[in-house]
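**Student:** after the sequence you'll find the predicted model.
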Amino acid sequence: MSKSMIIHNEEEMLAFGAALSRDLPLGLVIYLHGDLGAGKTTLVRGVLRGLGYQNKVKSPTYTLVEPYELARGMFYHFDLYRLQDPAELSFMGIEEYFSPTTITFIEWPQNGKGLLAPADLDLHIDFKVEARSIQLIANTEKGQKILATLHYKD
């Protein structure tokens with residue numbers, strides 16, 4: 001199951017993130033694919049705002065992971081762009097970030113191949129002329145439920 005849409009600006013990306021946040025179950029893993037500047041962190045900011053987080057949302061480009069404590073559990077935002085060796089994830093105890101009480105979004109997941117929990121949802125952001133094209137692909141029943149209930153500009 002998949003779903004596609006067009007996003008025209010930062011405000012729409014934040015609104016899409018908020019819409020996506022509405023039915024996110026705990027234990028969820030989402031892989032974010034897209035070039036530098038595609039809007040992956042902006043999307044995560046929208047998701048976090050939708051989940052009620054009001055503080056600053058930082059890009060984890062240099063820290064690999066930014067944790068956010070939410071009322072319903074932990075939210076982890078990974079950015080593996082600068083990861084030199086996937087073994088670094090083992091040293092940081094990557095498996096502890098994937099649990100039934102967390103929501104995890106991972107940018108550049110291909111850089112951690114073999115050490116990451118499988119994605120419930122793959123989200124691809126591509127540049128188009130004056131817009132972004134988003135494609136969501138459900139890989140699990142959890143991912144399918146998210147796509148079935150996702151309403152953005154319907």
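**Tutor:** Looks like it came in fine. Owing to the predicted nature of the structure, the values given are computational and were not obtained by experimental measurement.
**Student:** helix or strand right after the helix or strand bottoming out on mean pLDDT in the chain?
**Tutor:** None of the helices or strands of the chain scores lower by mean pLDDT, DSSP states H and E than helix 87-91, at a mean of 86. Downstream of helix 87-91, the first helix or strand assigned by DSSP states H and E is strand 102-107.
**Student:** may I have the strands that pair with that following strand, each with its orientation?
**Tutor:** If you go by DSSP bridges, strand 102-107 pairs up with strand 28-33 (parallel), strand 73-79 (parallel).
**Student:** ok, and what's touching the first one?
**Tutor:** Residues from elsewhere that reach strand 28-33, judged by C-beta atoms under 8 Å, 6 or more residues apart in numbering: 40, 43-44, 98, 103-109, 116-125, 142, 146. All C-beta atoms are positioned from the backbone trio N, CA, C, and that covers glycine.
**Student:** only C-alpha atoms, please: export that strand in PDB.
**Tutor:** Only the C-alpha atoms of strand 28-33 are listed here, as PDB (Å, rounded to 0.1, in the frame of the first residue of the first chain):
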ATOM      1  CA  LEU A  28       6.800   2.600  15.100                       C
ATOM      2  CA  VAL A  29       9.800   3.000  12.800                       C
ATOM      3  CA  ILE A  30       9.700   5.400   9.800                       C
ATOM      4  CA  TYR A  31      12.600   5.700   7.400                       C
ATOM      5  CA  LEU A  32      13.000   9.100   5.700                       C
ATOM      6  CA  HIS A  33      14.600   9.200   2.300                       C
END
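**Student:** following element in sequence after it, please.
**Tutor:** According to DSSP H and E, the helix or strand after strand 28-33 is helix 40-50.
**Student:** report the inter-axis angle for that next one versus strand 102-107.
**Tutor:** Orientation of helix 40-50 against strand 102-107 (axes from the mean of the first three to the mean of the last three C-alpha atoms, to 10 degrees) gives an angle of 160 degrees.
**Student:** next secondary structure after helix 40-50?
**Tutor:** Assigned by DSSP H and E, the successor of helix 40-50 is strand 65-70.
**Student:** what's the angle from that next one to strand 73-79?
**Tutor:** Going by the same axes, to 10 degrees, strand 65-70 makes 160 degrees with strand 73-79.
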